[in-house]
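In: let me see the structure of the following:
(chains A and B)
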Amino acid sequence: MRPTSVLLLGGALAAPATAGTVTVTVPRLSVAEYHRPYVAVWLEPAGGGAPRTLAVWYDIRKAGNEPGTKWLSELRAWWRKGGRGMAMPADGISGATQAPGPHNIALPADLKPGAYVLNVEAARETGGRELVTVPVNLPASNARATGKAELGAVTLSAR
Amino acid sequence: MRALVSRLLVATALLSAPAALSAHRQWLLPSTTIVSGTDNWVTVDAAVSNDLFYPDHFPMQTESIQVWQPDGSTGAIQNAAKGRYRSTFDVQLDKPGTWKIGTASTNVSGSFKLNGEDWTVGRRRGPPRGPEGAGRPAHSVATAADIPAGATDVKLTEMSSRNEIFVTAGEPTATVLKPTGKGLDMEPVTHPDSLVSNEPARFRFLIDGKPAAGLKVTLIPGGKRYRDSEGVMELATGADGVLEVKWPAPGMYWLNATTTDNHPATPRATERRMSYTSTLEVMAP
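Out: Residues are numbered from 1 along each chain as shown, chains lettered A, B, ... in the order given. This is a model prediction of the structure:
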């Protein structure tokens, strides 16, 4: 981890006013061939502006001719909104794909207060793709939405 | 054998003519327009047919396919093959940015008289058509430069056509989108690899670098066989040459614009026909 990420983490602890947690639930699916989904989580200012990626889960181990990064573009909304301009792996942002169940992502401490749209997009090999959007106000107030197929509950909580 | 020869001649004529001259549409269909990383290839189908994108008529020639790398330098196609109905080739997208793949050609065709006999320029190489045609020597020259000094009634038409697709690895770039300033150009305002069905797209059309106002542009979605209507959109550019497209649905779209004027670059030519063709992929939001 680079020093900047440590600083951001330290900032999060020191400034509870902007603290908040996004919880993304990966649903358990009863399908013949299951692969954990690629997931991207990002915030867009409600009035327009640069999106900020909070998390990207992809196959970080797969290398060779077809590395895990090859399918990042299948998160097509995130890819277009900024994913295509990011280098992977990204410190403090990218990580391995996650098993079914809830997963917490801490909001960065340096987010400016205001209205945002929280976006969570999931794409699964031999499966579907879904985008869940939740209008949120920061500092975090509670908000919630639920996906229909590829995503379960998406919540924002103040802590 | 004679039937075969004439069929080949017809095929050659079809393939060298711009799309405007025939009901058949020339198309390039990329397997994708958006890739992640620089380990990817795009594979492209290239054909001439009526319905999009069903290869059921003639393959496109791959010899004239060019590749512009993201920095503007020349690239190459690989694994080219010609089938009965379509050609196919690959491009290795080993550099980040936007690639352009396609054809750009200018041909001159026409006619003249020499010693009272009709000659053609740059067209059919067989004997003159008509009942008396068979058995007579071919009265044809390949280029306008070959027209003999004593020729009269010289009528020449310049035909310039572009057919290009855009594929982006990683972040889109604009180097290959720069208009050439010659003939009919499409200068994207919305990047052609950032199209999404719930946002209108804008493309500026230029003739010799100047806005082409009121230019008619046709867009047709692929998948014709699975609906009743052709789904054609007949649009026109504004005074600034800009075309605005509101996409009815995500998918692959064939775009074509044709126009004529009397400003050919070829000496002695009186008319210019211009054609621009592209295939655009529109993503779902």
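In: residue numbers of chain A in contact with chain B?
Out: Within chain A, the positions lying close to chain B (C-beta under 8 Å from any C-beta of the partner chain) are A:65-67, A:69-73, A:76-77, A:79-80, A:84-85, A:131. Bear in mind the C-beta positions are built from the backbone N, C-alpha and C, glycine included.
In: do that again at 7 Å, thanks
Out: Listed as neighbours of chain B in chain A under the rule C-beta under 7 Å from any C-beta of the partner chain: A:65-67, A:69-73, A:76-77, A:79-80, A:84-85.
In: and the strands in chain A?
Out: In chain A, strands defined by DSSP state E lie at A:21-26, A:38-45, A:52-57, A:94-95, A:101-106, A:114-123, A:129-138, A:143-146, A:153-157, listed in chain order.
In: just the helices in chain B please.
Out: Under the criterion DSSP state H, chain B carries helices at the ranges B:2-16.
In: quick revisit: name the member of the residues of chain A next to chain B with the most neighbours.
Out: Each of the residues of chain A next to chain B was scored for neighbours by other C-beta atoms under 10 Å in any protein chain shown, and A:L72 scores highest at 26 neighbours.
In: so who does A:H35 touch?
Out: Contacts for A:H35 (C-beta atoms under 7 Å, 6 or more residues apart in numbering or on different chains) come out as A:124-126.
In: let's see that with 8 Å instead.
Out: Taking C-beta atoms under 8 Å, 6 or more residues apart in numbering or on different chains, we find A:H35 in contact with A:97, A:124-127.
In: low-confidence stretches in the stretch 151-285 of chain B?
Out: By pLDDT under 70, the stretch 151-285 of chain B has no low-scoring segment.
In: what does it have sitting close to chain A?
Out: For the stretch 151-285 of chain B, the contact set with chain A under C-beta under 8 Å from any C-beta comprises B:168, B:170-172, B:194, B:196, B:283-285.
In: out of those residues, which are buried?
Out: Applying a neighbour-count criterion of 16 or more other C-beta atoms under 10 Å in any protein chain shown, the buried members of these are B:168, B:170, B:172, B:194, B:196, B:283.
In: what's across from the residue nearest the centre of chain A in the sheet?
Out: Centroid-nearest residue in chain A: A:V41, 1.9 Å away (criterion: C-alpha atoms, centre = their mean). Using DSSP bridges, the bridge partners assigned to A:V41 are A:A55, A:V120.
In: for it, give me its contacts.
Out: When the contact criterion is C-beta under 8 Å, 6+ apart, the partners of A:V41 are A:22, A:24, A:53-56, A:105, A:118-121.
In: ok, now A:A77?
Out: Listed by C-beta under 8 Å, 6+ apart, the contact partners of A:A77 are A:119, A:121, A:131, B:285.
In: same list (those) but as a markdown table, adding distance to B:T180.
Out: Supplementary listing: the contacts of A:A77 in a markdown table, determined by distance: C-beta to C-beta, whole Å:
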| residue | distance to B:T180 |
| --- | --- |
| A:N119 | 39 |
| A:E121 | 38 |
| A:L131 | 38 |
| B:P285 | 33 |
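In: buried ones among these?
Out: When neighbours are counted using 16+ other C-beta under 10 Å, these contain these buried positions: A:119, A:121, A:131.
In: backbone dihedrals for the residue of the stretch 151-285 of chain B found nearest chain A, please?
Out: Residue of the stretch 151-285 of chain B nearest chain A, by C-beta to the nearest C-beta: B:E171 (4.6 Å). Dihedral angles phi and psi of B:E171 (degrees, to the nearest 10) take the values phi -80, psi 140.
In: check A:N65 too.
Out: A:N65 adopts backbone torsions of phi -60, psi -30, taken as degrees, to the nearest 10.
In: how about it: what's its closest non-neighbour residue?
Out: Spatial nearest neighbour of A:N65, excluding adjacent residues (C-beta to C-beta, 6 or more residues apart in numbering or on different chains): B:D39 at 6.2 Å.
In: surely that neighbour touches A:K62?
Out: No. In this structure B:D39 lies outside contact range of A:K62 using C-beta atoms under 8 Å: 11.4 Å.
In: what about those two, which has more around it?
Out: Counted by other C-beta under 10 Å, B:D39 and A:K62 do not tie: B:D39 has more neighbours, with 16 against 12.
In: check contacts around that one.
Out: Taking C-beta under 8 Å, 6+ apart, one finds A:65-67, A:70, B:94 in contact with B:D39.
In: export these as JSON lines, with columns for pLDDT.
Out: Formatted as JSON lines, the entries for those read as follows, by pLDDT from 0 to 100:
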{"residue": "A:N65", "pLDDT": "87"}
{"residue": "A:E66", "pLDDT": "90"}
{"residue": "A:P67", "pLDDT": "94"}
{"residue": "A:K70", "pLDDT": "96"}
{"residue": "B:D94", "pLDDT": "97"}
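In: residues contacting the closest residue to B:D45 other than its chain neighbours?
Out: Closest residue in space to B:D45, ignoring its immediate chain neighbours: B:L29 at 4.4 Å, by C-beta to C-beta, 6+ apart. With contact taken as C-beta under 8 Å, 6+ apart, B:L29 is in contact with B:44-47, B:53, B:222, B:252, B:279.
In: among those residues, which are located in strands?
Out: When strands are assigned by DSSP E, the members of the contacts of B:L29 inside them are B:44-47, B:252, B:279.
In: which residues does A:V22 form beta bridges with?
Out: With beta bridges defined as DSSP bridges, A:V22 has these partners: A:I105, A:L156.
In: ok, now how distant is it from A:Q98?
Out: Shown here: A:V22 relative to A:Q98, a distance of 13 Å by C-beta to C-beta, to the nearest Å.
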